[in-house]
Structure formats: C-alpha cells, structure tokens
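# Generate a structure from the sequence data that follows.
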Amino acid sequence: MKPLVLASASPRRREYLELLGVSLEVVASGAEEITPPNFSTAERAKYLAEKKAVDVAARVGASRYVLAADTIVALENIELGKPKDEDDARRMLLMLSGRHHLVFTGVALSHGGEVKTLVVETGVYFKRLTPEMVEWYIASGEPFDKAGAYGIQGLAASFVEAIEGSYSNVVGLPLAETSTLLEWAGYAPWLKLTGKDERLQKHK
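Now for the predicted structure:
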C-alpha cells in the first residue's frame, strides 16, 4: 500500500497523521487560494481543500490517495489569514483579544477522480490580552505561519479560555472527522488490527 499523499507543508498536520501511524508522502500544493466571491467562510475552507487535493492529485496520479486541508480563522465575518509581519500579527491578536471567534477547516481526500470533502467549525474564546502579552507572543516567533496569528497547541494556549467543538480542528486537522476519510481509504490505523485495510484495497 503506497503512502498517503499529504498535500500540505504544515508540520502540525503531518505530526497528527504520523501520530496515528499513517505512512506519508508530503507534496505541497501550489494551487491559488482564490474562491468565488459569494462563498461563506465554511464554503471557502472546503473549496480550497478540494482545490489543493485535486492540484496535487494531477501531479502524483489519480491512483494515489491525496489528503488536503485548509484552515480559516474568522472574527465576525472577517477572515484572518497568516500575518504578513509583526504589525499584522499584532493587529490580529488585538482583534481576537477578549472575544469569541470561529475556526473552519476544510478537509478533502482525492482518489481515482473522486473527491470526498468535509468542513468542521470550532468556536474559540480568547481572554483579554495586555500589550505585554501580545508583544511576548510576537517575540516568540510563533504567530507567523498560522492562520489568525496564533497556535493553540503552542504558547497561545495561555490565551484560550474555552473552545466549543474540536480542539484538533483549531490545530489544523479535525482528527475525528478526518479519520472517517482515512477509514474509507483504508489508512485508518485500527483497520490493520483486523486486516480490513487489505480487503478494502483489493476492492478499490
């Protein structure tokens, strides 16, 4: 069974899948992150994940299983991407301070010209941040490769008062939902205990 192709350079997504024991080949997508203007944030996340999966599938071959994801942080319909610089990170963190925001992750699995997709939403509550807290976090360097300028699995855990929904979704890959896609593809680790992964592959 060939490794699952992960269409993302995100170390967090890779770590989660490797934690499950999934054999991976990383091929980052070069697809442009452009969506129809009338899409909601949830629709954008789902659309971009599918677009990335299809882009990589066209390069590695339709017979391979390709998993892609896209995470978007939104505050009252304002989408917060990865900060461009320190000022941008500061702006985002101050916007999130003391407020509730949403994190959407779209996940897509492509194989044989078919793409299965899903999107997961999680609510996150930030405590009120002081200027010193914001500067401390920016100085850590942690905000700069993360949507919304923070990583819940890192130092920013000290900012989060509560979440509603999937924690792993905020990290960048909702594991409970993604594992359903992995099971369909025969990559779910528990299938190896019964040999079901081999039987699934024989029928694909």
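# Could I get the average pLDDT for the longest helix belonging to the chain?
If each helix of the chain is counted by residues according to DSSP state H, the longest one is helix 41-60. For helix 41-60, mean pLDDT is 96.
# swap in stretch 188-204?
Mean predicted confidence for stretch 188-204 is 63.
# repeat for stretch 88-108
If you average the pLDDT over stretch 88-108, you get 98.
# gap between that stretch and the chain center?
In terms of Cα atoms, centre = their mean, to the nearest Å, the centre of stretch 88-108 is found 14 Å from the chain centre.
# what's the answer for stretch 166-184, then?
9 Å.
# That one spans what distance, first to last residue?
Using Cα to Cα, to the nearest Å, the end-to-end distance of stretch 166-184 comes to 21 Å.
# and that stretch, which residues are buried?
Going by neighbour count (16 or more other Cβ atoms under 10 Å), the buried part of stretch 166-184 is 166, 168-175, 177-179, 181-183. Yep, even glycine has a C-beta here, placed from its N, CA and C like the rest.
# Let me know the closest of the residues you listed to residue 19.
The nearest member of these to residue 19, counting by Cβ to Cβ, is residue 175 at 8.8 Å.
# Residue 163 looks like it's in a strand, true?
Yes. Secondary structure assignment (DSSP: H, G, I helix; E, B strand; the rest coil) places residue 163 inside a strand.
# I'd assumed residue 124 was in contact with it.
Yes. Counting by Cβ atoms under 8 Å, residue 163 does reach residue 124; the two are 5.2 Å apart.
# Next one: residue 145, what pLDDT does it get?
With respect to pLDDT, residue 145 has a value of 89.
# And the closest residue to it other than its chain neighbours, what's its pLDDT?
Excluding the flanking residues, the one nearest residue 145 by Cβ to Cβ, 6 or more residues apart in numbering is residue 82, at 6.1 Å. At residue 82, the model reports a pLDDT of 92.
# could you pull out the helices for this protein?
Counting by DSSP H, the helices of the chain are 11-19, 41-60, 86-96, 131-140, 167-171, 175-185, 196-202.
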